[in-house]
Each structure stands twice: as C-alpha cells, then as structure tokens.
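**Student:** My questions concern the predicted model and sequence given below.
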Amino acid sequence: MDELVRYAVEGPVARLTLDSPHNRNALSTALVEQLHQRFTEAAGNPAVRVVVLGHTGSTFCAGADLAEAAGRDPGELAVDRAREMTRLLRRILELPLPVIGAIDGHVRAGGLGLVGACDIVVAGPTSTFALTEARIGVAPSIISLTLLPKMTARAAGRYFVTGERFGAAEAAACGLITLAADDVAAAVAELAAAIGAGSPQGLATSKALTTAPILESFDRHAESLTRQSAELFVSEEAREGMLAFLEKRPPRWRA
C-alpha cells in the first residue's frame, strides 16, 4: 500500500504529513485509514506530547475523493464515506494529544472539517479556504460538527452558502484558524515547544476541557447529519453536481 500519510517523531512532536499530492490530499478511504493508524502510533508513544498535521504540495486537503465513487453502489458509498468522516473528526477531538494544523496551501470542503477538529491551526500566506459543497448539490453536513463551534455565526452563514474563497487573515478573524503567519514552520515550532513542556496528564485533561462541549454536541447530532449527508450524496442534484465537477463544466440544475 502506498504511504499517503508520512509519520515522524522529533522529540515531543509527532509529525503527520498528508502526502497524496496527485489528488490534492483528498480524503480517500486509504488516506483516512492511514491517518487513524498514525494517530494511534502517536498516542501510544510516551515521548510524544503534540501532533502536527501538515501536508505536501500546494493543497492541504481537497475534501472527499470524488473519483472513488466510480464503480460503487452510490447509496452504500455515501453511508460509508459519511461514517468515515464522522469517525475521523471525532478521533482528532478525542485524541489525548493536542493537534496543531500546519497549513500553507488550499483547503476545500471536507478539508475544513479537519481544520475545525484541530486544537490549534496555523496557516500561511498561500492558504485559501472554501466550503464548496452547495455548488455540487450537497452541504457541509458532517463537517459542521467541528466548524460551527469554531467559526463566528456570521462567517458560517456566509461561507457555507457562497462557496467563496478566503485567505488566512479572514480565517483567523472568523475563528476557523488560530493564527495567520508568514512563516508557518517557525510559528508551529514555537507552539509545539510550548506544548512540549506540559505533562501527559496535564495536556490530555486541559484539551478535554476545551473539546467536551464540542463532543457533546457532536454525539447528539452526528447520526442525523450522517444520514443527511448520505441522502444528499445520492440525490439527483448531487449526481449532476459531481459529474459537472469531474467533467469541468457548469452543472445543469433542474428547475
């Protein structure tokens, strides 16, 4: 199996690097499973105090891997992918280690769910963000579980429906990320060093205080949003939207 998530430990820091640039680090089933494996390795290493989630290439994560839909029953695929995403976001939230997102590239759709799940996020000057689900006939159903607790209501009300691109400064202003930085590596290193001075118990308990209300809401709504996501995915509008995306043409919505 190709290594889609690279893993390295440097002192108290476990670095997980999305390394699937051929599809813009899209959330394929294989990449998601490797992320779970890497989180397990990091959590099982007593020397690790913090996880840094980064990427290769010009895109941090493009969201779902739409090309994977070919050749599978749409209904079955929709449910599987929705549950994969729910499980991944919850894994990051419940991980006993703080997770820093290190981004200097584009983030789209489901990739923003990862951003919302991270405890701290640093984004560089080439970063752009967009919630483009409505443009292909679906909605940011599952990723709203991590985005709505972080973004301001006004920003969510705008970007959930417009699909506009926005940069790191705006992402910081609306709460999506923690810090916009010219030098992502330096900013992340400073944050990781500060976290590295903490004790395992202190860090895990302190993180849990911040994620407890998110997880409470997450568990209350995850199942209904998983069903919503799957239903939208197999709708006629979504089929047309995804086909138009893959064929690089405007969608032909029915009146």
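**Tutor:** Perfect, I can see it now. Numbering: from 1, shown residues only.
**Student:** So for stretch 202-214, mean pLDDT?
**Tutor:** For stretch 202-214, mean pLDDT is 98.
**Student:** Which element, helix or strand, includes the most centrally placed residue in the chain?
**Tutor:** For the chain, the residue nearest the mean C-alpha position is L114 (1.7 Å; C-alpha atoms, centre = their mean). Here L114, judged by DSSP states H and E, is contained in helix 110-117.
**Student:** how about that helix as CSV, C-alpha atoms only?
**Tutor:** Only the C-alpha atoms of helix 110-117 are listed here, as CSV (Å, rounded to 0.1, in the frame of the first residue of the first chain):
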residue,chain,number,x,y,z
GLY,A,110,-14.2,18.3,3.9
GLY,A,111,-10.6,19.5,4.5
LEU,A,112,-12.1,22.3,6.5
GLY,A,113,-13.6,19.7,8.8
LEU,A,114,-10.0,18.6,9.7
VAL,A,115,-9.1,22.2,10.3
GLY,A,116,-12.1,22.6,12.7
ALA,A,117,-11.2,19.5,14.6
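**Student:** That helix - contacts with which helices or strands?
**Tutor:** strand 59-61, helix 74-94, strand 99-103, helix 144-147 (3 or more C-beta pairs under 8 Å, 6 or more residues apart in numbering; DSSP states H and E). The way it works is simple: take the backbone N, C-alpha and C, and place the C-beta from them, glycine included.
**Student:** hmm, who's touching the last one?
**Tutor:** Going back to what we said before, that points to helix 144-147. For helix 144-147, the surrounding residues in contact (C-beta atoms under 8 Å, 6 or more residues apart in numbering) are 86, 89, 93, 112-113, 115-117, 140, 156, 160, 176, 214, 217-218, 221-222, 225.
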